[in-house]
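Novice: sequence unknown, structure follows:
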Ligand SMILES: Cc1cc2nc3c(=O)[nH]c(=O)nc-3n(C[C@H](O)[C@H](O)[C@H](O)COP(=O)(O)O)c2cc1C
């Protein structure tokens, strides 16, 4: 099993949901980079369910622990190790799942491929908890990117049938971040954030779950980042984003809507902004030919409804091959989307750092 992403800057995830810890080894960060531990912790807190009434009731403080690779808040240039301990582990509810797979979760294919030896308690290595390492890795490169003038933000665009209005390219990343942080759901549009929160609470009461869309923006990229052919910006980001558990779709710019457009409508005309040549609209989502155009990178990620729901479902006993009614126990998010927001944002940050490094921009 290889859980490594990236070329010039690489992350390797380790641990599992109910093992001693979950974390990451990050390679390729130069020596001498200042890392503010409380800023990395703040990013982990955005992902954590603690104190969020609409999230899973698994309560873990997710306190960041540094291993090798950093001293007095400064990177040493070697592999950097960071993790959090799993302290709220309850294996009991998962014991029956060893034989009866949850519909919609990784249990069935993982059990067939890896047999009895794989630890699927809490979802094992397929758990959303593995994304702790992604958040740490993205938070580590944040100051490195901001020195190069690059910043990223992700936010909720849709939960179920509640869709927020478009966020224009003219609204800066910092402003979107501030708006999101003042709402219960990280969506910049307050009425939508309230409606989304109401919907999630209602769905939880029904013992069901709901999916949605996370939108992300990366600004400050130079023109030309990306490596043709197979490491185009789109391919690299899509590879990473599809690795996030529960992600079922990724689109850049106009995305699937481009299929219904005319060229005259979809093409972004060029003009001068000050002295600089720029596309004047952004249907391309900031990428042409796999290279950045200098406009903000824009993409959306579709996240499915949480598979572990409280309602009774149809499954099968893998040992007896008899149909079985299953009631999933354990603690689960009725909607993963809000907690997926920092994961999408940090994965994008990390991969952009890698691509900028590969292209000699960083
Ligand atoms: C932050 C985060 C939290 C998640 N929490 C849960 C959860 O509480 N219950 C659950 O069934 N799935 C949860 N998931 C999704 C599962 O891990 C995922 O659906 C499962 O591994 C199967 O993978 P797939 O959906 O990509 O096919 C979470 C995913 C993320 C990103």
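Specialist: Structure's in. What do you need? Worth saying up front: this structure is predicted, and the values here are computed from it rather than measured. Residues are numbered from 1 along each chain as shown.
Novice: CA only for contacts and neighbour counts going forward, please
Specialist: OK.
Novice: residue ranges with poor pLDDT in this structure?
Specialist: Per-residue confidence for the chain (pLDDT under 70) gives these ranges: 50-51, 57-58, 91-94.
Novice: residue 278 should be in a strand, yeah?
Specialist: Yes: according to DSSP: H, G, I helix; E, B strand; the rest coil, residue 278 belongs to a strand.
Novice: show me what contacts it?
Specialist: Taking C-alpha atoms under 8 Å, 6 or more residues apart in numbering, we find residue 278 in contact with 270, 271, 272, 293, 294, 295.
Novice: near the ligand, which residues of this structure show up?
Specialist: Contacts of the chain with the ligand, taken as C-alpha under 6 Å from any ligand atom, map to 105-106, 126-128, 244-247, 306-308, 332-333, 336, 339-340.
Novice: relative to the ligand, how far out is residue 258?
Specialist: Residue 258 sits at a distance of 26 Å from the ligand (criterion: C-alpha to the nearest ligand atom, to the nearest Å).
Novice: other SSEs contacting the longest helix along the chain?
Specialist: Longest helix of the chain, by residue count under DSSP state H: helix 337-358. Contact partners of helix 337-358 among helices and strands, from 3 or more C-alpha pairs under 8 Å, 6 or more residues apart in numbering; DSSP states H and E: helix 37-47, helix 131-147, strand 151-159, strand 212-219, helix 233-242.
Novice: so which of these is the most packed in?
Specialist: Mean neighbours per residue, mean count of other C-alpha atoms under 10 Å, is largest over the helices and strands packed on helix 337-358 for strand 151-159, with a mean of 26.
Novice: neighbouring strands - and their directions - for that strand?
Specialist: For strand 151-159, the paired strands and their directions (DSSP bridges) read strand 162-163 (antiparallel), strand 212-219 (antiparallel).
Novice: and the angle from the last one to helix 337-358?
Specialist: Using axes from the mean of the first three to the mean of the last three C-alpha atoms, to 10 degrees, the inter-axis angle of strand 212-219 relative to helix 337-358 is 30 degrees.
Novice: what sits up against strand 212-219?
Specialist: The contact list for strand 212-219 (C-alpha under 8 Å, 6+ apart) reads 150-160, 173, 295-305, 337, 340-341, 344-345, 349.
Novice: need phi/psi at residue 265.
Specialist: Main-chain dihedrals, residue 265, degrees, to the nearest 10: phi -90, psi -40.
Novice: near it, how many other residues are there?
Specialist: Applying other C-alpha atoms under 10 Å, we find 10 residues neighbouring residue 265.
Novice: and for the one 3 residues further on?
Specialist: Residue 268 has 15 neighbouring residues, counting by other C-alpha under 10 Å.
Novice: burial check on the closest residue to it other than its chain neighbours, number of neighbours?
Specialist: In space, and not counting its chain neighbours, residue 268 is closest to residue 281: 5.0 Å by C-alpha to C-alpha, 6 or more residues apart in numbering. Residue 281 has 16 neighbours, counted by other C-alpha under 10 Å.
Novice: against residue 272, how distant is residue 281?
Specialist: In this view, residue 281 and residue 272 are 12 Å apart by C-alpha to C-alpha, to the nearest Å.
Novice: wait, a helix at residue 124?
Specialist: Yes: per three-state DSSP, residue 124 lies within a helix segment.
Novice: one step back: so of the residues of the chain next to the ligand, which ones are in helices?
Specialist: Those of the residues of the chain next to the ligand mapping onto helices are 339, 340, per DSSP H.
Novice: just the residues of the chain next to the ligand: which are in strands?
Specialist: residue 247 (DSSP state E).
Novice: coming back round to it: out of the strands paired with strand 151-159, nearest to residue 79?
Specialist: Among the strands paired with strand 151-159, the nearest to residue 79 by C-alpha to C-alpha is strand 212-219 (26.1 Å).
Novice: returning to that earlier point: the longest helix of the chain versus helix 37-47: what angle between them?
Specialist: Relative orientation of helix 337-358 versus helix 37-47 (the same axes, to 10 degrees): 130 degrees.
Novice: and helix 337-358, which residues are buried?
Specialist: 337-358 (16 or more other C-alpha atoms under 10 Å).
Novice: cool, stretch 279-295 as well?
Specialist: Of the residues in stretch 279-295, 279, 281-287, 290-295 count as buried by neighbour count, 16+ other C-alpha under 10 Å.
Novice: pull the most distant pair out of those residues.
Specialist: Maximum pairwise distance among the buried residues of stretch 279-295 (C-alpha to C-alpha): 17.4 Å, between 281 and 290.
Novice: which phi and psi does the residue of the chain most remote from its centre have?
Specialist: Among the C-alpha atoms of the chain, the one farthest from their average position, using C-alpha atoms, centre = their mean, is that of residue 320, at 37.6 Å. Main-chain torsions, residue 320, degrees, to the nearest 10: phi -100, psi -10.
Novice: same question for the one 3 residues further on.
Specialist: For residue 323, the backbone dihedrals (degrees, to the nearest 10) come out as phi -60, psi 140.
Novice: excluding sequence neighbours, find me the nearest residue to it.
Specialist: Nearest residue to residue 323, sequence neighbours excluded (C-alpha to C-alpha, 6+ apart): residue 316, at 4.3 Å.
Novice: please name the nearest non-neighbouring residue to residue 76.
Specialist: residue 31 (4.5 Å).
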